[in-house]
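In: heads up, no residue letters with this:
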């Protein structure tokens, strides 16, 4: 007598008589196996993957320079593109609908010291007057949308540039202010040390200020004692030039420059084609065989001799 073992059914019977698959078996999705095209939209604004700065740096060192621990010879060049979202902020007005375009306000982020009081690339090529230089010295230049060219010959500036590539414009401006405050604090300490060394009237006050500052906490540039200059002076080693957004076509400039020459050649061609030049040469040849040129030359020579012998006219009344 044989017994049949019953196996669990892989499907269940629905009220209408059809069989549904068990929960462990999903429906096969055939359309996922078909090759397809995916469209990916890159984010814009602060999270855009677009490159905004490229740098080329070259450094060299000699055997003697390495022995004497000299600074390496370095040259750096960076091309920076400033986008609109870096120099503008969106202002949301009250009662503004979703269809209305939000207003944008320009931020006032100053350029680094190497970008202040330096002529632009167009001013270097064309030149700027004295009034333009005075205006540049009086006004602080700020970041604007567009391209900037940064050049340097300092390895400290190159190292700092690589570090600042991690920060946005606002954080870079904060770093410049921090360095300026630290440098000003160091200069003030040097003046007080000089007064204390000379033993002048402010010597005791300077010593008291220095001792009080040394006992304060660290973290702010005005509370830190600097035995030497905290940061090197890189203003004379680097330069930041704004590149004009668009240059006029060179063809139009050349056409404007050569316009008088083109007009002169057209008039010459017209006079030669009409025969006016031939007629002029014929009249000159006919006049050369008459006594009129000789009479004119004689009158000019006699007048010159008369003026030479009489001397300058007397202006006295």
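Out: Sure, I can see it. These figures come from a predicted structure and were not determined experimentally.
In: all helices in the stretch 151-300 of the chain, in order from the N-terminus.
Out: For the stretch 151-300 of the chain, the helices defined by DSSP state H, counting those that start in this stretch cover 155-164, 169-198, 203-215, 250-257, 259-274, 276-288, 292-310.
In: what's the most buried one of these?
Out: A comparison of these by mean neighbour count, using mean count of other CB atoms under 10 Å, puts helix 155-164 on top with a mean of 17. Placement of C-beta: from N, CA and C, glycine included.
In: From the contact counts, what lies against that helix?
Out: strand 53-60, strand 73-82, strand 146-152 (3 or more CB pairs under 8 Å, 6 or more residues apart in numbering; DSSP states H and E).
In: Report the angle between that helix and helix 169-198.
Out: 140 degrees (axes from the mean of the first three to the mean of the last three CA atoms, to 10 degrees).
In: Can you list the neighbours in contact with helix 155-164?
Out: 55, 57, 59, 71-72, 74, 76, 78, 150, 152, 172, 175, 232, 234, 237-238 (CB atoms under 8 Å, 6 or more residues apart in numbering).
In: What of stretch 58-75?
Out: Residues contacting stretch 58-75 (CB under 8 Å, 6+ apart): 57, 76, 152-155, 158.
In: Of the residues you listed, keep whichever come out buried.
Out: Listed as buried from these are 76, 152, 154-155, 158; burial here means 16 or more other CB atoms under 10 Å.
In: pLDDT and distance to residue 179 added to these, as JSON lines?
Out: As requested, the buried ones among the contacts of stretch 58-75 are exported to JSON lines (pLDDT from 0 to 100; distance: CB to CB, whole Å):
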{"residue": "76", "pLDDT": "95", "distance to residue 179": "19"}
{"residue": "152", "pLDDT": "93", "distance to residue 179": "16"}
{"residue": "154", "pLDDT": "91", "distance to residue 179": "14"}
{"residue": "155", "pLDDT": "91", "distance to residue 179": "17"}
{"residue": "158", "pLDDT": "93", "distance to residue 179": "16"}
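In: Which one of the helices and strands packed on helix 155-164 lies nearest to residue 255?
Out: The closest of the helices and strands packed on helix 155-164 to residue 255 is strand 146-152. By CB to CB, the value is 27.3 Å.
In: distance between the ends of stretch 159-177?
Out: 18 Å (CA to CA, to the nearest Å).
In: could the buried ones among the contacts of stretch 58-75 be laid out in a markdown table, adding distance to residue 252?
Out: Listed next are the buried ones among the contacts of stretch 58-75 as a markdown table, based on distance: CB to CB, whole Å:
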| residue | distance to residue 252 |
| --- | --- |
| 76 | 35 |
| 152 | 35 |
| 154 | 40 |
| 155 | 43 |
| 158 | 40 |
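In: Out of the residues you listed, the closest to residue 288 would be?
Out: Nearest member of those to residue 288, counting by CB to CB, is residue 152, at 71.1 Å.
In: can you tell me which residues contact the closest residue in space to that closest one that isn't next to it in sequence?
Out: Leaving aside its sequence neighbours, residue 152 sits nearest to residue 238 (CB to CB, 6 or more residues apart in numbering; 3.9 Å). By CB under 8 Å, 6+ apart, the residues touching residue 238 are 114, 150-154, 157.
In: So residue 279 versus residue 264, what's the distance?
Out: Distance, residue 279 to residue 264, by CB to CB, to the nearest Å: 20 Å.
In: what does residue 62 give?
Out: 59 Å.
In: cool, and residue 272?
Out: In terms of CB to CB, residue 272 sits 13 Å off from residue 264.
In: now swap in residue 105 and tell me
Out: 54 Å.
In: Ok, residue 238 next?
Out: Distance from residue 238 to residue 264, by CB to CB: 49 Å.
In: Kindly report the same for residue 229.
Out: 64 Å.
In: again, but for residue 270
Out: 11 Å.
In: quick one: low-confidence ranges for the protein?
Out: 1-28, 30-31, 90-104, 117-138, 199-226, 245-248, 313-317 (pLDDT under 70).
In: Would you map out the domains in it?
Out: 48-91+101-176+232-243, 250-300 (automatic domain parsing).
In: will you turn those into a markdown table that also has distance to residue 40?
Out: Converted to a markdown table, these look like this (distance: least, CB to CB, whole Å):
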| stretch | distance to residue 40 |
| --- | --- |
| domain 48-91+101-176+232-243 | 11 |
| domain 250-300 | 40 |
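In: and residue 35, which of those domains is closest to it?
Out: Among the domains of the chain, if distance is taken as CB to CB, the winner is domain 48-91+101-176+232-243, at 25.8 Å.
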